[in-house]
Structure formats: C-alpha cells, structure tokens
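S.K.: Need the 3D shape of this:
(2 chains)
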There are 2 protein chains.
Amino acid sequence: MTGKTITIDVRQDLFGANEEAAAINAAVFREHGNRVFDIMGSVGTGKTLLIESLCERLGDKYRILMVAGDLATSIDADRVAQHGVDTLQINTQTACHLDARMVRVALRDVDLSKYDVIFIENVGNLICPAGYPLGAEKKIVIVSLTEGPYMIRKHPLTIKRCDAVVINKIDLAEALEIDVDAIERDIREIDAKIPVVRVSAKTGTGIDDLIQVLGL
Amino acid sequence: MTGKTITIDVRQDLFGANEEAAAINAAVFREHGNRVFDIMGSVGTGKTLLIESLCERLGDKYRILMVAGDLATSIDADRVAQHGVDTLQINTQTACHLDARMVRVALRDVDLSKYDVIFIENVGNLICPAGYPLGAEKKIVIVSLTEGPYMIRKHPLTIKRCDAVVINKIDLAEALEIDVDAIERDIREIDAKIPVVRVSAKTGTGIDDLIQVLGL
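M.R.: Below is the predicted model of the structure:
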C-alpha cells in the first residue's frame, strides 16, 4: 500500500534592497582591485578547509583577506588565520546567510588596497546565501558527497544562481556509495555550462582545477 | 605568522507573526488529538530515513501523516509514502524553512481526525527552521557526524530552541574520525538537560530510544 502525496507550492520573495548594496560593494572592490569570491555551501561541506588549501597555494602570489560568516564562534577565521592570512569574522547570530550590507559594514574599517584576493566564506547553508549577492565576482557553491544523492535536485535555484560548483570529499565516494557522475549529471540538467570541479580538500585533488576556474 | 582576526556582530530578528500562527496550529492539533513532531536538520543528515524508520516501527500502532518541506521535488514524501503512510509535500521554492502559516495552508483540506501522529520534515537547514515554531509538541534537531566536529558550537541557538537532539550516522564515527562524546559534551554545554539520542537510521541503532523520547 502506498500513501497518497499532495504537493503544495508556497512562494516567498527573499530578495530586496540587497541587490543595490551588492552593486555598491562590487564598485568598491573594483576600485581597490580586489578579486572577491563568495564561497557558499551547507554545514560541514568543507568550505573552510577548501579556503585553507587555496590560501596555502596562493599565499605567495596574492595578498589574501578571508571573511568568515557564522552564527557564532570565530573557529573558521581562526583556522584560516593560521595560514598567515588576515581574517575578519562576521557573527550573524540568527541570520542564515550573509547579505551585502553586512559585508559592507564589516569592511568599513578595512584598508582594501592591502588585498588582491578576498575569500568570503558564507554561513553554512545550501539555500539562502544563493539569493543574496554580496558583490563578489563569482559565487561558488560547495556540495559534499556526505549530503546524499539528492542535494542537487532539491536545490536547483542554488545551482542557477552560482557561477561554479565544487563537488567536495570525492575521496569518500566509495565509502559512501555515491555515484559522482550522477551528481554531475543532475547539475548539468539544471545548467549545462556551469563549471563543475571535483575536489578533495583533504587530499588536495582538484584544487589546481578550482584555482583555474577562479581565474587566479 | 598568524593573521589578525576582527569579530563583528550583526543582529537580525527573524521571528514575528509566526508565533501566533503556531499557537493556532497547536490548538487545532490538540482539538484533533494529533501528536505532532517537527524534524529539522541540515541537508543529508538523514531526516527522511529516520522518519521512514519511525513509520516502520509505529505504523501498526498509529495512523501517521508525514508532511515534507523542500524547496523543490517530492522525493522525500514519495519515499515515506512507500511505507503506507499518507504524505503531503510543501514546496517552498526559495524559503529555507517551513513556517506555521505554510503548515496551516497545507493542512487546510486535510481531515486531521484521520491521524494520530504527524511527522513534519522541515527544509534541510540547520539554522532557520529553529526560529519558526510550527505548532508541534516537540521540535527535534538531527545532526549528523558528516557535518564535522564544530556543528554544535556554531549553532547554539538551534540547540536552545529544540526539545531533543538526535546524533545520526553514528555507524560512521570511526570512518570519519569523529568523537561522538565530544559532540554530546558540546550539546550539554548549551543545554545540560536536553535529551540526546545517538542513532543510526541506517542500521536501526537508537530508533527505540528516540521513540521513547518522543513519548510514542
């Protein structure tokens, strides 16, 4: 016996004046020659370790600032600071994403001309950060094989609103019995042309491919 | 060399008229004798499999309705329906959490007197669903060992706002090199008395303990 399933749509608009603030941020970043990347993804997908790997490989070439968004703690910023990179922690308390205004306020007293590259690690959430541009040149979404086989199909808007997808923790593919090709096919169904990079932030696989996608 | 870390607090209020709608839902549920549980947790933490396990063990004892919240697809509702349980899929499109009004609208044409137990699977997100009571008697948060060692410390409000914590995928503790005791200690630091249940929805470990915590 199979139960019946009813489907109901509930529309909500989560955008607004954020776009305007993002445009201002983008102009400020351009003026200071900052290359800015917004890294989003759910809790535990490996955003921080990925940024640490990028800082390790790019630290000699660029002056890097890392901006970390979290509800609480400065665990992520502290981790990245160990790599000799300046970091800025934004604690959102209850907000599930950074928005452009928060980034503007956070950077108000920062001398942006001191940095070539800014990595913004968004709050751990696969949904809302996608809807709030921050003024970065690219928004990158990190998905992890630990999120199960359906995470792409359930979040089509996130893929549509991002500029590249990183599939992280590919070293766990066998242990988790996940078909990475199937996940990439799900991404391609939503956006045929979006760059997809397979990475293991832990082993270093794919980090150079990601650097190429970022144009760094 | 260690970079400097600046910490900035950004306060936002995400609540509002939701509390009122939740109180109405709770009254309606009481009137119909429904025991309602709101199951929240991030993407891929195993909410659906956990509800499937509960339906398998409780399906003979109770008439169950499962309400699934997702941005898109009815994958979760369809999975649970295979267990002979009626299901209702709410597609939130862009909203990162269910709210009490969505649940009220979704249940408007449902004969609630037909059900003893209602499991509401919230949208996959460890943050916002905690701030929006739906009128359920208990809100249960599922965390998974795949989310890494810091997920509790970064989300203190989620623990504070929930009535029980399920630590899922404990079968992966060794493979992921995660100390489950340390995670439980982090929970206890935030709320010394909250029930914590260690579960593997995959192997069935701990499901009976969870049923006891739910009072079912």
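
S.K.: what's the longest helix seen in chain A packed up against?
M.R.: With residue count as the measure and DSSP state H as the assignment, chain A has helix A:18-31 as its longest helix. With contacts defined as 3 or more Cβ pairs under 8 Å, 6 or more residues apart in numbering or on different chains; DSSP states H and E, the secondary structure elements packing on helix A:18-31 are helix A:100-107. Placement of C-beta: from N, CA and C, glycine included.

S.K.: quick one, what contacts residue A:183?
M.R.: Neighbour list for residue A:183: A:143, A:145, A:149, A:151-152, A:167 [criterion: Cβ atoms under 8 Å, 6 or more residues apart in numbering or on different chains].

S.K.: For chain A, name the helix or strand with the lowest mean pLDDT.
M.R.: Across the helices and strands of chain A, mean pLDDT, DSSP states H and E gives its lowest value to strand A:5-9, namely a mean of 56.

S.K.: which residues of chain A fall in helices?
M.R.: Using DSSP H, the helices assigned to chain A run over residues A:18-31, A:47-58, A:75-81, A:100-107, A:156-161, A:173-176, A:180-190, A:207-214.

S.K.: any chance of those helices in TSV, plus distance to residue B:190?
M.R.: Formatted as TSV, the entries for those read as follows, by distance: least, Cβ to Cβ, whole Å:
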stretch	distance to residue B:190
helix A:18-31	31
helix A:47-58	21
helix A:75-81	15
helix A:100-107	24
helix A:156-161	29
helix A:173-176	29
helix A:180-190	34
helix A:207-214	35
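
S.K.: would you turn these into JSON lines with mean pLDDT?
M.R.: JSON lines is the format used below for the helices of chain A (pLDDT from 0 to 100):
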{"stretch": "helix A:18-31", "mean pLDDT": "94"}
{"stretch": "helix A:47-58", "mean pLDDT": "96"}
{"stretch": "helix A:75-81", "mean pLDDT": "92"}
{"stretch": "helix A:100-107", "mean pLDDT": "93"}
{"stretch": "helix A:156-161", "mean pLDDT": "95"}
{"stretch": "helix A:173-176", "mean pLDDT": "87"}
{"stretch": "helix A:180-190", "mean pLDDT": "97"}
{"stretch": "helix A:207-214", "mean pLDDT": "98"}
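
S.K.: quick one: which of those is nearest residue B:24?
M.R.: helix A:156-161 (30.1 Å; Cβ to Cβ).

S.K.: For that closest one, name the packing helices and strands.
M.R.: Partner elements for helix A:156-161 (3+ Cβ pairs under 8 Å, 6+ apart): strand A:138-144, helix A:180-190.

S.K.: distance between stretch A:73-92 and the chain's centre?
M.R.: Taking Cα atoms, centre = their mean, to the nearest Å, the mean C-alpha location of stretch A:73-92 is offset from the chain mean by 15 Å.

S.K.: Compute the first-to-last residue distance for that stretch.
M.R.: Between the start and the finish of stretch A:73-92 there is a gap of 10 Å, counting by Cα to Cα, to the nearest Å.

S.K.: Is it positioned near chain B?
M.R.: Yes. With Cβ under 8 Å from any Cβ of the partner chain as the threshold, stretch A:73-92 lies in contact with chain B, specifically through A:73-75, A:77-78, A:80-92.

S.K.: Ok, stretch A:122-141 next?
M.R.: Yes. Against chain B, stretch A:122-141 shows contacts by Cβ under 8 Å from any Cβ at A:123-128, A:131.

S.K.: Now render the residues you listed as CSV, adding neighbour count and distance to residue B:178.
M.R.: CSV is the format used below for the residues of stretch A:122-141 next to chain B (neighbours: other Cβ atoms under 10 Å in any protein chain shown; distance: Cβ to Cβ, whole Å):
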residue, neighbour count, distance to residue B:178
A:123, 26, 22
A:124, 31, 17
A:125, 27, 21
A:126, 29, 21
A:127, 27, 25
A:128, 24, 27
A:131, 19, 31
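
S.K.: Widest-spaced pair of the residues you listed?
M.R.: Within the residues of stretch A:122-141 next to chain B, A:124 and A:131 form the most distant pair, 15.5 Å apart (Cβ to Cβ).

S.K.: Hmm, residue A:71 is touching residue B:126, no?
M.R.: No. Applying Cβ atoms under 8 Å, one finds residue A:71 not in contact with residue B:126, separated by 9.3 Å.

S.K.: Give the residues shared as contacts by the two.
M.R.: residue B:155.

S.K.: For residue A:61, give me its contacts.
M.R.: residue A:216.

S.K.: one more time with 10 Å, if that's ok
M.R.: Contact criterion Cβ atoms under 10 Å, 6 or more residues apart in numbering or on different chains gives A:116-117, A:211, A:216 as the residues in contact with residue A:61.

S.K.: Next: residue A:166.
M.R.: Here residue A:166 is in contact with A:39, A:41, A:45-47, A:50, A:140-144, A:195-199, A:201, A:206-207, A:209-210, A:213 (criterion: Cβ under 10 Å, 6+ apart).

S.K.: run the last query once more with 8 Å
M.R.: Contacts for residue A:166 (Cβ under 8 Å, 6+ apart) come out as A:41, A:50, A:140-143, A:196-197, A:199, A:206, A:210.

S.K.: just residue A:146 next, same as before
M.R.: By Cβ under 8 Å, 6+ apart, the contact set of residue A:146 is A:44-45, A:169, A:172, A:176, B:44, B:144, B:146-147.
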